[in-house]
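Student: Here is my input; please provide its structure:
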Amino acid sequence: MQKLIALLDRFNEISTRWAGYAATLLLAMMLSIMVTHVFFRYVLNDSFGWTEELARYMMVWMAFLFFPAAHRQGLNASLEIATNWFKDSIPWRLLQLLLELCILAVLIWCIKLGFERVERGSTTVSLSLSITMSYIYLVLPLSFTLTSLSSLERVLRLGYGLFYPHALLNTQTQPSAGSNKEV
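Tutor: Numbers count the residues shown, from 1 in each chain. Next up, the predicted model:
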């Protein structure tokens, strides 16, 4: 079990890092496109029709590419004040496992919905870019698959931690160096 968790941990670490790099690159490209758009519109009094649409699609991709890393680091919204008094007890671990199993089930359902959206998007073309919308929607199953792999890792860690609480000291991945989130 520990080898499977370690394998998932390594894969999730690499995949979320590269998804983060891609999202950061998209942010930089989106910024440069919007600056160019503003310059042409307000300085040269000429406007491109495709820049706003492209920037919007880049923003969607950027958000969905950051989603797996955020989930992996445990940056989901939570009410820790309600659970801090019984943290690290068996009921707390069971609650965490139950919640993560629910999250995993929803993510798997979202993968299915994402593929359906890609399929429906193959018949629609964007207005100004003239590309098939299925390319835009491809980020949905990609993001939900990467996030569900992170969720699966968390489920395995939590389940293993119920039986061997000292074998895996933390139930989630360590946050990045700049984060002040407690683990």
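Student: isn't Ala70 right next to Ala23, touching?
Tutor: No - checked against CB atoms under 8 Å, the pair Ala70 and Ala23 is beyond contact range at 10.6 Å. The C-beta positions use only the backbone N, C-alpha and C, and glycine is treated the same way.
Student: Could you list the low-pLDDT ranges of the protein?
Tutor: The chain contains residues with pLDDT under 70 at 77-83, 167-183.
Student: tell me which element the most centrally placed residue in it falls in.
Tutor: Nearest residue to the geometric centre of the chain (CA atoms, centre = their mean): Phe67, 1.7 Å. Assigned by DSSP states H and E, Phe67 belongs to helix 51-72.
Student: Show me where this protein has its strands.
Tutor: Along the chain, no segments are classed as strands by DSSP state E.
Student: For the helix ranked longest in it, name the packing helices and strands.
Tutor: The longest helix of the chain (DSSP state H) is helix 2-38. Other elements packing on helix 2-38 under the criterion 3 or more CB pairs under 8 Å, 6 or more residues apart in numbering; DSSP states H and E are helix 51-72, helix 139-163.
Student: what comes up buried for the helix holding Phe67?
Tutor: Buried residues in helix 51-72, counted by 16 or more other CB atoms under 10 Å: 51, 53-55, 57-58, 61-62, 64-69, 71-72.
Student: Kindly export stretch 41-55 (C-alpha atoms) in CSV.
Tutor: Below are the C-alpha coordinates for stretch 41-55, written out as CSV (Å, rounded to 0.1, in the frame of the first residue of the first chain):
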residue,chain,number,x,y,z
ARG,A,41,-7.8,49.8,-28.9
TYR,A,42,-7.0,53.0,-27.0
VAL,A,43,-3.7,54.2,-28.5
LEU,A,44,-4.1,53.2,-32.2
ASN,A,45,-7.9,53.4,-32.2
ASP,A,46,-8.0,49.9,-33.8
SER,A,47,-9.2,46.7,-32.2
PHE,A,48,-8.7,43.0,-32.7
GLY,A,49,-11.9,41.0,-32.4
TRP,A,50,-10.2,37.8,-31.3
THR,A,51,-8.2,39.0,-28.2
GLU,A,52,-11.0,39.1,-25.7
GLU,A,53,-12.2,35.6,-26.7
LEU,A,54,-8.8,34.1,-26.6
ALA,A,55,-8.0,35.7,-23.2
